[in-house]
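**Q** sequence-free structure coming up:
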């Protein structure tokens with residue numbers, strides 16, 4: 001097995017029995033995960049590999065936050081503590097965490113009904129509201145500068161990046177269909193930016209504690225109910241409504257690169273109610289995330305600068321979305337911020353009711 005974890009030392013530390021099987025989990029772009037079966041049970045072993053989030057003390061702070069969220073009824077599954085009472089094990093200079101293996105599945109927006117979309121928005125809104133209760137006052141915490149900086153992208157920097165990526169495309173031999181699409185989208189995006197350059201948004205608005213990476217692969221469902229939100233590595237202070245818009249742009253993008261606006265309406269209405277966010281806050285977030293998408297080329301940078309093709313399958317829809325969003329800008333704003341957007345009859349005040357989850361299902365979701 002490539003990058004095999006030190007199972008003997010870890011299992012002794014956790015008193016988790018003897019390893020029977022250990023299989024890599026494919027999903028996850030930044031860290032490594034393993035489905036582990038031992039004589040004591042089934043577990044998920046996470047190797048915190050990404051240097052930006054692998055500091056053991058920071059990981060433990062995030063673990064404590066998820067435990068406090070669990071105590072409030074938010075569907076998360078905190079890690080297990082080992083014999084020394086900590087939730088992070090450092091072996092050979094690498095940080096690991098052990099979670100119970102919990103069965104669950106991911107669902108993208110195309111698999112959600114309009115009611116399910118409303119529950120998703122309510123869930124994220126409840127997460128934001130509960131984070132305000134369990135985390136330090138945000139005024140004492142500097143907003144994170146990555147992966148989503150408070151300052152909006154400067155078109156001049158984006159033009160230079162486009163030129164650099166076009167040079168990568170020209171040098172790639174033999175040229176393939178991905179190169180052709182990349183070249184088309186880069187030229188198209190440069191023209192769009194030239195047309196829209198005067199619409200650069202100001203600094204981000206109201207900040208709050210956010211999950212930081214809320215998307216379909218970080219949410220597990222049991223049947224139709226959200227069972228566990230996983231991967232809290234990017235927990236931090238950010239403009240919170242932007243996380244709501246950014247998540248919707250991932251959950252509800254169609255293969256053709258459009259957003260399913262009826263589902264976005266359902267999601268946005270319940271998010272606003274649960275988080276206490278105003279329509280104007282969502283409208284400002286729509287503008288900033290739209291601009292972010294116009295200037296963002298992380299998938300192409302991974303492909304051409306790192307030689308990492310794992311995100312290639314996302315590029316056709318994601319790159320088309322920026323074009324569609326520019327054309328349908330007013331309709332997107334209306335879906336997120338219209339006060340008469342669709343509301344689920346289950347919209348309510350308490351976190352458990354708002355999200356419509358069964359807290360007992362938290363034990364049956366796989367934590368990555």
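**A** Done, it's in. All of these numbers come straight from a predicted model, not from anything done at the bench. Numbering: from 1, shown residues only.

**Q** for the stretch 201-350 of the chain, which spans come out with low pLDDT?
**A** Counting by pLDDT under 70, the stretch 201-350 of the chain contains low-confidence residues at 204, 340-350.

**Q** can you pull out the helices in it?
**A** Here the stretch 201-350 of the chain has its helices, by DSSP state H, counting those that start in this stretch, at 240-251, 261-275, 279-295, 298-301, 315-327, 329-337.

**Q** Show me what the fifth one is packed against.
**A** When you say that, I think you mean helix 315-327. Helix 315-327 is packed against helix 177-196, helix 279-295, helix 298-301, with contacts defined by 3 or more CB pairs under 8 Å, 6 or more residues apart in numbering; DSSP states H and E. Using the backbone N, CA and C atoms, a C-beta is placed for each residue, glycine as well.

**Q** if we go to 6 Å?
**A** Other helices and strands packing on helix 315-327, by 3 or more CB pairs under 6 Å, 6 or more residues apart in numbering; DSSP states H and E, are helix 279-295.

**Q** can you pull the buried residues of the helix it packs on?
**A** Buried residues in helix 279-295, counting neighbours by 16 or more other CB atoms under 10 Å, are found at 279, 281-295.

**Q** same check, this time on stretch 298-315
**A** For stretch 298-315, the neighbour count (16+ other CB under 10 Å) marks 299, 300, 301, 302, 303, 304, 315 as buried.

**Q** Isn't the fourth one up against residue 309?
**A** Just to be clear, that refers to residue 302. No - applying CB atoms under 6 Å, one finds residue 302 not in contact with residue 309, separated by 7.7 Å.

**Q** picking that back up, could you redo the helices of the stretch 201-350 of the chain as a markdown table and give each row distance to residue 183?
**A** Converted to a markdown table, these look like this (distance: least, CB to CB, whole Å):
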| stretch | distance to residue 183 |
| --- | --- |
| helix 240-251 | 24 |
| helix 261-275 | 30 |
| helix 279-295 | 17 |
| helix 298-301 | 10 |
| helix 315-327 | 11 |
| helix 329-337 | 25 |
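
**Q** Show residues contacting the helix or strand where residue 169 lies.
**A** Counting by DSSP states H and E, the element that carries residue 169 is helix 155-171. Under the criterion CB atoms under 6 Å, 6 or more residues apart in numbering, residues 179, 182, 183, 186, 190, 193, 197, 295, 300, 304 lie in contact with helix 155-171.

**Q** Contacts only, for the fifth one.
**A** Spelled out, it's residue 190. Neighbour list for residue 190: residue 162 [criterion: CB under 6 Å, 6+ apart].

**Q** Read off the pLDDT value for it.
**A** Predicted confidence (pLDDT) at residue 190: the value is 97.

**Q** Against residue 316, how distant is it?
**A** The span separating residue 190 from residue 316 equals 19 Å under the rule CB to CB, to the nearest Å.

**Q** Quick check: end-to-end length of stretch 310-320?
**A** Between the opening and closing residues of stretch 310-320 there is a gap of 18 Å (CA to CA, to the nearest Å).

**Q** what about it, distance to the chain center?
**A** Remark: stretch 310-320 is offset 16 Å from the chain centroid, using CA atoms, centre = their mean, to the nearest Å.

**Q** Stretch 108-122 too?
**A** Distance, stretch centre to chain centre, for stretch 108-122: 16 Å (CA atoms, centre = their mean).

**Q** buried ones in it?
**A** Across stretch 108-122, burial judged by 16+ other CB under 10 Å covers 109, 112, 115, 116, 117, 118, 119, 120, 121, 122.

**Q** Export the residues you listed to CSV and append columns for pLDDT and distance to residue 54.
**A** As requested, the buried residues of stretch 108-122 are arranged in CSV below (pLDDT from 0 to 100; distance: CB to CB, whole Å):
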residue, pLDDT, distance to residue 54
109, 95, 31
112, 97, 33
115, 96, 39
116, 97, 34
117, 97, 34
118, 97, 36
119, 97, 33
120, 98, 29
121, 98, 31
122, 97, 32
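
**Q** Helices - which of those land there?
**A** Secondary structure of the buried residues of stretch 108-122 is defined by DSSP state H; positions in helices are 115, 116, 117, 118, 119, 120, 121, 122.

**Q** okay but the last one is in contact with residue 273, surely?
**A** No - under the contact definition of CB under 6 Å, residue 122 does not touch residue 273, with a separation of 7.2 Å.

**Q** Tell me how far residue 337 lies from residue 269.
**A** 10 Å.

**Q** Which one's more surrounded, these two?
**A** The neighbour count for residue 337 versus residue 269, taken as other CB atoms under 10 Å, is higher for residue 269 (28 against 23).

**Q** so where's the stretch 1-150 of the chain shaky on pLDDT?
**A** 1-3, 27-30, 138-149.

**Q** let's see it at 90
**A** Where the stretch 1-150 of the chain drops to pLDDT under 90, the residues are 1-4, 25-33, 49-54, 77, 100-103, 136-150.

**Q** residue ranges of the helices in it, please?
**A** In order along the chain, the stretch 1-150 of the chain carries the following helices (DSSP H, counting those that start in this stretch): 7-14, 56-71, 114-134.

**Q** what's next to the first one, contact-wise?
**A** Identification of contacts with helix 7-14 by CB under 6 Å, 6+ apart yields 19, 82, 89, 91, 96, 98.

**Q** list the buried ones in that helix?
**A** Going by neighbour count (16+ other CB under 10 Å), the buried part of helix 7-14 is 7, 10, 11, 13, 14.

**Q** Same question for the second one.
**A** Buried residues in helix 56-71, defined by neighbour count with 16+ other CB under 10 Å: 56, 58, 59, 60, 62, 63, 65, 66, 68, 69, 70.
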